[in-house]
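Novice: how would this look folded up:
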Amino acid sequence: MLRIEKFISNNFSIRKDFKKVFYITLGILILYIFPLIISEHYYSDDLVHSMVGVTGWLSNGRPLSVLTFKIIMAGGFFNDISPLPQLLAAVVMAITISLLSGKIDEGRVFIPLFTFLPLAISPYYLENWSYKYDSLTMSLSIFLAVIPFLLNGANSFLKKAIFSTFLLFSSLCFYQAALNIFISLSILFFLLNINNGKTLIALEQIKHQAIAYLSANIMYILIIKKFVIYGEYNITHGEIATNNPSLILSTIIRNHHLLGEIFLSAFKGNLWIFFLPLAIIVPAAIIILLKKTLSQDIPFLSKIITLIIVSLCPFLLYIAVYGPMLLLLNPITSARTLLGAAGLICSLFTLSFVLFKKYNKLQFWILLPIFGLFTLAYSLYNAQKTTEKLELSLITRIQSDFSTHNMNDIKNVSILGNAPTSYQSSLSEKNFPIIKFLNVNNIGQDLLWGNVQLNQYYFDKNYLPSETGRSKICTMEKVSSNSIYSIYRNDTLAVIDFSNTKC
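Specialist: Numbers count the residues shown, from 1 in each chain. So this is what the prediction gives:
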């Protein structure tokens, strides 16, 4: 134990009042996720995991996620132990935020803490929190991705590069999307070094971070992608557009449109009002950084490179939201993959230190967007809770309709369209449009999780593709209809139609 403590103290920077900051951060995060952990809501593939006790993480290229749960469950099946994984995830994120806060200002507690709080409470990380299983391993991936920023300046360039490579490779083995946070935080700490008059150190840091990032990805491709990842779903979602410039460009444009729609949805509603001061803070802070760079006595080439990076930092931070996903031929278009957005928000908050360096109290403006992010989170939790109640009510009603019309012997079912979310969810979406990407009613056409949910409540049927039902519905008898769905039947097939099909 003493050797470990000595190793950490010799190689990493840890604030002296770490325990105090940790407990405060943990308390804030527990308050943030409390409605979620008491809701008992199964999110997406959580339901399958809880029913069969296994995951697809190994084939997903996440071997350390599998190892973590193997250790927790002593080698047994991965049964539902929630909310323990979410609580442990809160501990991991509290450690991560507390460690990083010391890199901004070790003499203060709350403002540095709030600056990095978006790592855990960004609009996009809400989906990661919602997973009963994945929340812990996703938080570990973030923890490993930010540890390189805690390396002591006394470490050699080679040592920093090797340590960072190992940590980033391990992060990839937990959850690949976390590496986008590393990109955005690299820009964040570059700007902080510029603000502190350490331009040459900032450039040196960018070099070893770039080497570590590329090395970790190469290791992951040569080891994990080649020998661990399998299955058509995982292989196709990992294919990258290469060689053909036209294909690369079209892929980037398409992916930016798909992922950008999710990213921008967080600020199309009321949330942007809480972030409005950034419209003044960001350009003003960048001007200050450019002036500081120009006034420093450093080599001409270093000064030019620094000026270019500082000028482009808003664009670079925006690109870091998506990272390599822009090049994927079949990306997973989901909020949970936009972890780089958390680093973007942290970086924008950090610019407050640049602008208000002599006016500490003005830095407390970031409590405004923090409150907005809490409002969004609680809106989502209630949307999930009420939509799940609607979902269970629909299952009961469908079962009743089948019994009433003597259809229990029909084993084949096709579902058309998607069941609606609750009225509460629809109202929340008007204020926070991103909720439509985070909360769905699982009962719908070709939705595996909905079929699993129906089976769990003893509606055990053979679910056929929606195309099958759509091709036959107009030749079938309508036996039941209400404001949400209609049911059609023949001797061998039943169609549950949420799309109000016109024949």
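
Novice: State whether Ile395 and Tyr458 are indeed in contact, as I suppose.
Specialist: No: applying Cβ atoms under 8 Å as the test, Ile395 and Tyr458 come out as separate, 9.5 Å apart. Every residue, glycine included, has its C-beta placed from N, CA and C.

Novice: Look at these two and report which has more neighbours.
Specialist: Using other Cβ atoms under 10 Å, the more surrounded residue of Ile395 and Tyr458 is Ile395, with 20 against 8.

Novice: Contact partners for the more buried one?
Specialist: Residues near Ile395 by Cβ atoms under 8 Å, 6 or more residues apart in numbering: Ile443, Gln453, Leu454, Tyr457, Phe459.

Novice: ok, for the last one, nearest residue in space, not its chain neighbours?
Specialist: When you say that, I think you mean Phe459. Spatial nearest neighbour of Phe459, chain neighbours left out: Gln399 (5.6 Å); criterion: Cβ to Cβ, 6 or more residues apart in numbering.

Novice: Next, count neighbours for the one you found.
Specialist: Close neighbours of Gln399, defined as other Cβ under 10 Å, add up to 15.

Novice: Which strand or helix spans it?
Specialist: Element membership of Gln399 [criterion: DSSP states H and E] is helix 367-404.

Novice: What lies in contact with whichever helix or strand comes after that helix?
Specialist: Using DSSP H and E, the next helix or strand after helix 367-404 towards the C-terminus is strand 412-416. For strand 412-416, the surrounding residues in contact (Cβ under 8 Å, 6+ apart) are 443-447, 450, 461-466, 468-470, 472-473, 492-499, 501.

Novice: At the geometric centre of the protein, which residue sits there?
Specialist: The geometric centre of the chain, computed from its C-alpha atoms, lies nearest to Arg336 (Cα atoms, centre = their mean), at 2.8 Å.

Novice: Look up how far Leu448 lies from the nearest residue to it once chain neighbours are set aside.
Specialist: Excluding the flanking residues, the one nearest Arg336 by Cβ to Cβ, 6+ apart is Glu127, at 4.0 Å. Going from Glu127 to Leu448 by Cβ to Cβ, to the nearest Å gives 17 Å.

Novice: got a list of what Ile95 touches?
Specialist: For Ile95, the contact set (Cβ under 8 Å, 6+ apart) comprises Phe22, Phe143.

Novice: Tell me the buried residues in the host helix or strand of it?
Specialist: Assessed by DSSP H and E, Ile95 sits inside helix 84-101. Going by neighbour count (16 or more other Cβ atoms under 10 Å), the buried part of helix 84-101 is 85-101.

Novice: moving C-terminal of the helix or strand where Ala145 lies, what's the next helix or strand?
Specialist: Applying DSSP H and E as the criterion places Ala145 in helix 134-146. Downstream of helix 134-146, the first helix or strand assigned by DSSP H and E is helix 157-174.

Novice: how distant is that following helix from the center of its chain?
Specialist: On the basis of Cα atoms, centre = their mean, to the nearest Å, helix 157-174 is displaced by 21 Å from the centre of the chain it belongs to.

Novice: Over to stretch 350-366?
Specialist: 27 Å.

Novice: any idea whether Ala494 is helix, strand or coil?
Specialist: strand (DSSP: H, G, I helix; E, B strand; the rest coil).

Novice: Now do it against Leu31, distance only.
Specialist: Going from Ala494 to Leu31 by Cβ to Cβ gives 46 Å.

Novice: what's near enough to touch the nearest residue to Pro112 once chain neighbours are set aside?
Specialist: Spatial nearest neighbour of Pro112, chain neighbours left out: Ser101 (3.6 Å); criterion: Cβ to Cβ, 6+ apart. The contact partners of Ser101, taken as Cβ under 8 Å, 6+ apart, are Arg15, Val21, Thr25, Val109, Pro112, Leu113, Thr115, Phe116.

Novice: do that again at 10 Å, thanks
Specialist: Counting by Cβ atoms under 10 Å, 6 or more residues apart in numbering, Ser101 touches 15, 17-18, 21-22, 24-25, 108-117.

Novice: Is Thr51 in contact with Trp449, as I believe?
Specialist: No, residue 51 isn't Thr; it's Met. No: using Cβ atoms under 10 Å, Met51 makes no contact with Trp449, being 11.0 Å away.

Novice: Just give me the residues shared between the contact sets of the two.
Specialist: Residues touching both Met51 and Trp449 (Cβ under 10 Å, 6+ apart) are Tyr42.

Novice: Go through the helix or strand hosting Ile30 and flag the buried ones.
Specialist: Assigned by DSSP H and E, Ile30 falls within helix 18-37. By neighbour count with 16+ other Cβ under 10 Å, helix 18-37 contains the buried residues Val21, Phe22, Ile24, Thr25, Leu26, Ile28, Leu29, Tyr32, Ile33, Pro35, Leu36, Ile37.
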